[in-house]
Every structure is written in C-alpha cells, then in structure tokens.
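A.B. asks: Let me see the structure of the following:
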Amino acid sequence: MITARNLTFKRNGRIKALSLEHVLKILESSGFAVTEAKVYVYLAKKGPQTLTEITHGLGMSKQRLSPILSSLREKGAVASNFKPTTQFSALSIEKVIDIQVNKTVNQAKSIKKAKQELLASWRNLETQKNT
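C.D. replies: Numbering: from 1, shown residues only. Predicted coordinates:
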C-alpha cells in the first residue's frame, strides 16, 4: 500500500505539498479509476518498477494489475521499458495533467459539434413533420 501522507511538487519555483488523498481525488476527477490513481502515484513515488515489484508493493495480483497498467499506458500516464525485464514508470504529473486536459477539451469540442449536428437534424425532422 502507499503509505506516504504527502507528495511534493515544484510550482513557480516553490515547493508545495499535497496530501496523498488530495492527489488521488484530483486524478480520479480527471478520469482515472481509483486503482489507476493508486498505481500511478505508487510508480511516481517509487520510480521504474517491474510487474512483480508493483504487485508486492501494492498487494495486488498480476491478473488485476496488468489491465490497470495497460489502461495507464493508453492514457499516457505510464511508460514501459522492455529491457530484459519490463519496467513501468510514471510520466511526470504535469504531462499527465496536460494529456487529461487536452483529452477533455477535445471531448468537449466533439460534444459541441455533435450538438450542432443533432440540432440541425432535429430541426429538419420538425420541418418535415409540419409539412
């Protein structure tokens, strides 16, 4: 399990501390599942780890952990290095947040575009109904 109570980061040249709970909540609110957030924070704190090391460190089975690591790789939060033994490492929190922000912005643009198309189609249906 993750036991540290605070994480530190540098912002505007000043060191800030965030509680672990706060960091996990931020990650969850930006699209991470609870277990994904915990695995990400674990890797961010511990550095590159093998699957076996992560399972021991977090007390998760390999069967449960493998899809979580795959999901984190797809989200761009974790990288894997295929040396003799595969190691997983967390990308910087800044990059992860930027990726999540860009993803959310693109989703919002898609929804806005779909809304315009849906409204246009809806108006056409109403016009056809009235004729």
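
A.B. asks: In which helix or strand does the residue most central in space within the chain reside?
C.D. replies: With distances taken as C-alpha atoms, centre = their mean, Phe32 lies nearest the centre of the chain, 4.4 Å away. Secondary structure assignment for Phe32, by DSSP states H and E: no helix or strand.

A.B. asks: Over to it: give its phi and psi.
C.D. replies: Backbone torsions of Phe32, given as degrees, to the nearest 10, read phi -90, psi 140.

A.B. asks: Look at stretch 23-43 and report the distance between its end residues.
C.D. replies: 14 Å (C-alpha to C-alpha, to the nearest Å).

A.B. asks: Report the buried residues of it.
C.D. replies: 23-24, 27, 30, 32, 35-43 (16 or more other C-beta atoms under 10 Å). Just so you know, the C-beta spots here come from the backbone N, C-alpha and C atoms, and that holds for glycine as well.

A.B. asks: got it, and stretch 73-93?
C.D. replies: 75, 77-78, 87-88, 90-91, 93.

A.B. asks: Kindly report the same for stretch 53-65.
C.D. replies: Buried residues in stretch 53-65 (16+ other C-beta under 10 Å): 53-55, 57-58, 60, 65.

A.B. asks: Distance check, the closest residue to Ser66 other than its chain neighbours against Gln116.
C.D. replies: Nearest residue to Ser66, sequence neighbours excluded (C-beta to C-beta, 6 or more residues apart in numbering): Leu51, at 7.2 Å. Between Leu51 and Gln116 the computed distance is 46 Å (C-beta to C-beta, to the nearest Å).

A.B. asks: With neighbour numbers in mind, choose between these two.
C.D. replies: Taking other C-beta atoms under 10 Å, Leu51 and Gln116 do not tie; Leu51 has more neighbours (16 against 10).
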